[in-house]
Structure formats: C-alpha cells, structure tokens
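**Q** My questions are about this predicted structure, shown below with the sequence.
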Amino acid sequence: MNETPETPATEPVDATELAEAIAELEQYRERLVNDTMETAKKAKLMKSAVMAQLEPQLAQIDAMLDNLRQQQAAL
C-alpha cells in the first residue's frame, strides 16, 4: 500500500479505542461550550450570538461523534 504523510493507512480500531475517542471528543465539546460561554459572560456578550459563532465547530464535532458512534455500532 502506498502511504504518504497526507494519507496514512487506516488501521483497525478496537471498541475500547473508539469508546475512548468518543468520550474525549464529548469532553472536548462540553469544555469548548462551557469555556466559551464563561468568556462570553465576562465580556457581556449575548448567548445567542456566541452560540451562532460556535455552531460550525459544534456541527463538525457532532458529525465526528456520529461517525465514531456508527463505527462503534458496526463492531
């Protein structure tokens, strides 16, 4: 198989690794929202405006979580 740094070979992932990745990504998502909201509160920004700015990142994280959960269900 031709491997390049840009496209590494996909290695099989076990259920434990998937569960850990899902847990870490969920924690990251929660921390991102909480930290951003705390900073916004200190800066006296509106929650709706802050969430609108966060939405693209949260959608990307949610898509990754869905993908990982699908992989986990397939195992």
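**A** Happy to help now that I have it. Everything numeric here is computed off the predicted structure, so don't read it as measured data. Numbers count the residues shown, from 1 in each chain.
**Q** Which helix or strand contains the residue nearest the centre of the chain?
**A** By CA atoms, centre = their mean, the chain has its centre lying nearest to Ile61, at 3.1 Å. If you go by DSSP states H and E, Ile61 is part of helix 47-74.
**Q** buried sites along that helix?
**A** 50, 54, 61, 68 (16 or more other CB atoms under 10 Å). Placement of C-beta: from N, CA and C, glycine included.
**Q** Spatially nearest residue to the last one (excluding sequence neighbours)?
**A** For Leu68, the nearest residue in space outside its immediate sequence neighbours is Ile22; the separation is 5.0 Å by CB to CB, 6 or more residues apart in numbering.
**Q** The one you found reaches Gln71, doesn't it?
**A** No. Counting by CB atoms under 8 Å, Gln71 is not a contact partner of Ile22; they are 9.4 Å apart.
**Q** gap between stretch 44-51 and the chain center?
**A** Stretch 44-51 sits 21 Å away from the centroid of its parent chain (CA atoms, centre = their mean, to the nearest Å).
**Q** Which residues does that stretch contact?
**A** 36-37, 40 (CB atoms under 8 Å, 6 or more residues apart in numbering).
**Q** before we move on, what about stretch 59-75?
**A** 13-15, 18-19, 21-22, 25-26, 28-29, 32.
**Q** Just the ones of the residues you listed in helices?
**A** Residues of those located in helices (DSSP state H): 15, 18-19, 21-22, 25-26, 28-29, 32.
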